[in-house]
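Enquirer: From the sequence below, what's the structure:
(one chain, ligands or ions: 2)
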Amino acid sequence: MHIAIVGNIGAGKTTLAQKLAHHYKWALFEEVVDSNPYLKDFYDDMPRWAFHLQVFFLNSRFRQVQQIKHSEKSVVQDRTVYEDAYIFARNLHESGMMSQRDYDNYFELFRSLISMVTPPDLLIYLKADLPKLIEQIEKRNRDFENNISIQYLRSLNEQYENWINHYDLGKLLIIDVNHLDFVKNPEDLGFIVNQINLELFGLFK
Ligand SMILES: Nc1ncnc2c1ncn2[C@@H]1O[C@H](COP(=O)(O)OP(=O)(O)O)[C@@H](O)[C@H]1O
Ligand SMILES: Nc1ncnc2c1ncn2[C@H]1C[C@H](O)[C@@H](COP(=O)(O)O)O1
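Expert: Numbers count the residues shown, from 1 in each chain. Ligands and ions are numbered 1, 2, ... in the order given. As a prediction, the model looks like this:
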């Protein structure tokens, strides 16, 4: 079983992924953030580092996909390779921060790799409005995310809406997290677990 959690920056993916891995006793696959060699530079100067960062994420995410394929345990994955290409790289290109030739070059690489990627059994989209994202990014307080602009988050949310509306690679669960607090309220986590059980096993506990 492979569940992937997708959503904008600060939507709560890592928190939920950790809680689900604990609940189901499944393996957790997280993304490379703190040891990422480009992320801080990228936030200081997006046009300069966009291509480098995208190649780094593409490679690390692709390596993760290979590990998931060979995993004997069921898996919860925090963010997917689809988001790198269809959300972040596309947004950088459309907003003029990644040149046409860098984007074409990146996308050819993505196309070569994507044929080897198996989609998750269930994709969970954590849908959050800008105030919720901003509140949670501030709560997390990572230095390099301090100057993320509202416009950047807004564009990413638009890319997510568009991508999710066309997603057809497998089962999809959309969870509006605007009024959920699965950090403090066990019943909010229970609500999500119930929906997952229903999607995956046809069970409602
Ligand atoms: N539904 C929620 N309600 C309240 N706080 C949340 C919720 N989801 C996440 N948080 C908090 O918001 C911050 C960012 O969450 P995180 O899981 O790191 O987001 P993401 O991985 O999507 O970027 C963390 O401090 C986390 O504890
Ligand atoms: N493909 C990406 N391009 C740009 N930035 C990215 C990409 N993937 C992740 N990120 C950034 C966004 C956040 O600052 C960190 C961690 O993501 P999070 O949504 O907080 O888990 O990496």
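
Enquirer: now the residue of the chain found nearest ligand 2: how far from residue 190?
Expert: The nearest approach of the chain to ligand 2 comes at residue 88, 3.3 Å away (C-beta to the nearest ligand atom). For every residue, glycine as well, the C-beta is placed using N, CA and C. In this structure, residue 88 and residue 190 are 32 Å apart, going by C-beta to C-beta, to the nearest Å.

Enquirer: neighbour-wise, which of these two wins?
Expert: Relative neighbour count places residue 88 above the other of residue 88 and residue 190, with 19 against 13, counting by other C-beta atoms under 10 Å.

Enquirer: what's the burial count for residue 138?
Expert: Residue 138: 12 neighbours (other C-beta under 10 Å).

Enquirer: Please read the previous query as pertaining to residue 4.
Expert: 25.

Enquirer: So residue 53 sits against residue 40, correct?
Expert: No: using C-beta atoms under 8 Å, residue 53 makes no contact with residue 40, being 10.2 Å away.

Enquirer: what's the following helix or strand after the longest helix along the chain?
Expert: Using DSSP state H, we find that the single longest helix of the chain is helix 46-69. Scanning forward in sequence from helix 46-69 by DSSP states H and E, the next helix or strand is strand 75-78.

Enquirer: Can you tell me the strand partners of that following strand and which way each runs?
Expert: strand 2-7 (parallel), strand 27-29 (parallel) (DSSP bridges).

Enquirer: next helix or strand past the first one?
Expert: For strand 2-7, the following helix or strand on the C-terminal side (DSSP H and E) is helix 13-24.

Enquirer: before we move on, the earlier item: now what about the longest helix of the chain, what contacts it?
Expert: Applying C-beta atoms under 8 Å, 6 or more residues apart in numbering, the contact partners of helix 46-69 are 2, 29, 31-32, 36-39, 41-42, 75, 77, 79-81, 84-85, 88-89, 92, 96-98, 102, 105-106, 109-110, 113, 116-118.

Enquirer: among those residues, which are in strands?
Expert: The strands, defined by DSSP state E, take in 2, 29, 75, 77 from those.

Enquirer: Please list the residues of this structure that sit near ligand 1.
Expert: 7, 9-15, 136, 139-140, 177, 180-183 (C-beta under 6 Å from any ligand atom).

Enquirer: which parts of this structure sit against ligand 2?
Expert: So the chain meets ligand 2 at 9, 13-14, 31, 33, 39, 53-54, 57, 79, 84, 88, 145 (C-beta under 6 Å from any ligand atom).

Enquirer: Please name the residues that touch residue 83.
Expert: 6, 163.
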